[in-house]
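Engineer: What follows is a predicted protein model with its sequence.
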Amino acid sequence: MPYTVDFKDVSTVGLESSPVAEALAGLRANEARYYKNKYDHAFTVTPASEAQETLDWVNRILSEERSLTISSRPLEVTSFEVDGFRMAYVFYESGLSINVMYGIEDGAKRAVGFKLSDGMEVPEELASSFKFARQKSRLAGTIRGSYFVIKGEY
């Protein structure tokens, strides 16, 4: 069942099985606030089991671009278009959030971003390949993030 993320009253709905559920909920709310304020877009997530197409697209990009397979269980996903970009997010049980920003027009920016919830360790599959920068968030505490540029066509 879809859930529209409320960034004013942060909830762990859909994320309860995560050991860092509160921090992951804050991270998800932080993303929701960004899209609402910048694009007036309501950030609505769906259980990963109900959005296999989006999950497959993200997994294909991770696999083909960097030979990555995320070991944590995906909990929620969202996919939408805004301002010429196809966006996809996957929120994982470990506290990891992956987003794909894919410019629709040829030559547009395309990248994959990783964000780590406050209190989680860097996943083993990312530790040797990525350096994480820190940013503070009122909703999510300290977020650690990294990214890579997508080179292929998806």
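Structural biologist: Happy to help now that I have it.
Engineer: What residues of the lowest-mean-pLDDT helix or strand in the chain count as buried?
Structural biologist: None of the helices or strands of the chain scores lower by mean pLDDT, DSSP states H and E than strand 133-137, at a mean of 88. Buried residues in strand 133-137, counted by 16 or more other Cβ atoms under 10 Å: residue 137. Just so you know, the C-beta spots here come from the backbone N, C-alpha and C atoms, and that holds for glycine as well.
Engineer: Just after that strand, pick out the following helix or strand.
Structural biologist: strand 141-149 (DSSP states H and E).
Engineer: Could you list the residues in contact with the single longest helix found in the chain?
Structural biologist: Longest helix of the chain, by residue count under DSSP state H: helix 21-39. Defining contact as Cβ atoms under 8 Å, 6 or more residues apart in numbering, one finds that helix 21-39 is touched by 5-7, 10-13, 15, 18, 41-43, 45, 76, 82-83, 89, 91, 95, 97, 99, 115, 117-120, 137, 139-141, 143.
Engineer: One more: stretch 62-79?
Structural biologist: Contacts of stretch 62-79 (Cβ under 8 Å, 6+ apart): 3, 14-15, 17-18, 28, 43-48, 51, 54-55, 57-59, 86-94, 96, 98, 112, 123-126, 129, 148, 150-152, 154.
Engineer: just the angle between the helix or strand encompassing residue 80 and helix 21-39, please?
Structural biologist: Element membership for residue 80, per DSSP H and E: strand 74-82. With axes from the mean of the first three to the mean of the last three Cα atoms, to 10 degrees applied, the angle from strand 74-82 to helix 21-39 works out at 0 degrees.
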